[in-house]
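Q: task: produce atomic coordinates for the following.
(one chain, ligands or ions: 2)
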Amino acid sequence: MGITISFGIQKGGAGKTTTTAITAFLLDKAGKKVLAVDFDSQGNLTQFLTQRNIYDFTKRTVLEALKEQNVEPYIHHVSENLDIVPAEDLLITFSSWLYQKYHGTDPSRVLRDTLESVKGEYDSILIDLPPNLGDHTINALTASDFAVVMLQSEPFCHDALDRYLEMLQLVKTETNPDLVLAGILTVMLDARTTLDTVILDRVRSDYENIVFQSVIKRPAA
Ligand SMILES: Nc1ncnc2c1ncn2[C@@H]1O[C@H](COP(=O)(O)OP(=O)(O)OP(=O)(O)O)[C@@H](O)[C@H]1O
Ligand SMILES: [Mg+2]
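A: Numbering: from 1, shown residues only. Ligands and ions are numbered 1, 2, ... in the order given. Have a look, this model is predicted:
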């Protein structure tokens with residue numbers, strides 16, 4: 001049985017999609033079977049991994065998989081070991097569908113139930129989250145075994161951390177008691193900027209044992 005990992009934070013532009021895509025690429029290269037799930041209506045992961053226009057996938061996306069609770073017809077092959085369930089902007093309608101048309105018992109478990117049938121076929125399922133704390137994020141965290149929390153070392157993203165960790169705790173209490181916080185991953189650190197370094201030091205002191213030692217730095221200009 002594979003493991004499901006989500007990459008999230010409600011702050012935009014914090015490296016969620018890039019980190020999901022690169023992790024998928026590296027696992028693929030290492031011979032691991034990976035399913036990437038684009039769970040953001042921006043469709044950036046879809047574009048990144050398939051190098052195609054997101055509208056090429058209209059009506060063949062994660063949204064249709066959710067509505068039918070059947071993901072298999074919506075899995076697209078990307079490379080030897082890598083598949084994707086794509087997204088385009090109509091994924092934004094997931095919440096209204098959930099509250100108007102969904103007749104199941106638990107609206108937070110729809111993604112989890114949808115992915116269940118293929119979980120055994122992959123070593124890893126990686127979910128890219130949108131920059132908000134809505135139904136997509138709750139569903140993705142409910143579907144996850146591990147949550148990676150993204151931190152771009154800048155003030156707004158730092159401010160978003162506490163609330164995201166509260167959301168993780170809520171999901172753990174309400175819908176997914178087995179969810180494990182993998183850690184806080186710092187990306188795009190500019191080590192030449194004092195503010196970036198101050199924020200990383202503060203996060204390390206506030207959340208000591210849950211911050212990954214590895215830090216992804218911005219390439220030097
Ligand atoms: N490790 C990295 N090194 C250099 N640039 C990066 C890195 N990670 C992300 N970026 C750049 O930062 C920008 C935002 O990244 P990305 O789209 O992955 O963020 P996001 O959190 O998914 O954004 P959104 O919340 O809008 O979905 C992009 O231009 C991306 O190329
Ligand atoms: Mg993104």
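Q: show me the longest strand that occurs in this protein.
A: When the chain is parsed with DSSP state E, its longest strand is strand 180-189.
Q: which residue is nearest the centroid of the chain?
A: The residue lying closest to the centre of the chain (CA atoms, centre = their mean) is Asp128, at 2.7 Å.
Q: how near is Thr186 to Thr18?
A: The spacing between Thr186 and Thr18, counted by CB to CB, to the nearest Å, is 13 Å. In short, each C-beta sits where N, CA and C put it, glycine included.
Q: and these two? Which one has more around it.
A: Thr186 (24 against 19; other CB atoms under 10 Å).
Q: got a list of what the more buried one touches?
A: Leu151, Gln152, Ser153, Leu200, Val203, Val211, Phe212, Val215, Ile216 (CB atoms under 8 Å, 6 or more residues apart in numbering).
Q: tell me the one of these nearest Val78?
A: Set against Val78, the nearest of the contacts of Thr186 by CB to CB is Ile216 (22.7 Å).
Q: can you pull out the strands in the protein?
A: For the chain, applying DSSP E gives strands covering 3-8, 34-38, 76-79, 82-85, 124-128, 146-152, 180-189, 211-217.
Q: out of those strands, indicate the one that is most buried.
A: Most buried of the strands of the chain by mean neighbour count (mean count of other CB atoms under 10 Å) is strand 34-38; its value is a mean of 28.
Q: show me which residues of this protein are close to ligand 2?
A: Lys16, Thr17, Asn44 (CB under 5 Å from the ion).
Q: mind checking which of those land in helices?
A: Mapping these onto helices (DSSP state H) picks out Lys16, Thr17, Asn44.
Q: which of the residues you listed has the most neighbours?
A: That'd be Lys16 among these, by other CB under 10 Å, with 28 neighbours.
Q: what sits closest to that residue if chain neighbours are left out?
A: Spatial nearest neighbour of Lys16, chain neighbours left out: Phe7 (4.7 Å); criterion: CB to CB, 6 or more residues apart in numbering.
Q: using TSV, lay out the ones in helices among the residues of the chain next to ligand 2 together with distance to Ala24.
A: Converted to TSV, those look like this (distance: CB to CB, whole Å):
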residue	distance to Ala24
Lys16	12
Thr17	11
Asn44	13
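Q: from those residues, which is closest to ligand 2?
A: Closest to ligand 2 out of these is Thr17 (3.2 Å), distances taken as CB to the ion.
Q: report the contact partners of that closest one.
A: Going by CB under 8 Å, 6+ apart, Thr17 touches Phe7, Asp40, Gln42, Asn44, Leu45, Phe48, Asp128.
Q: biggest helix in the chain, by residue count?
A: If you go by DSSP H, the chain has its longest helix at helix 155-174.
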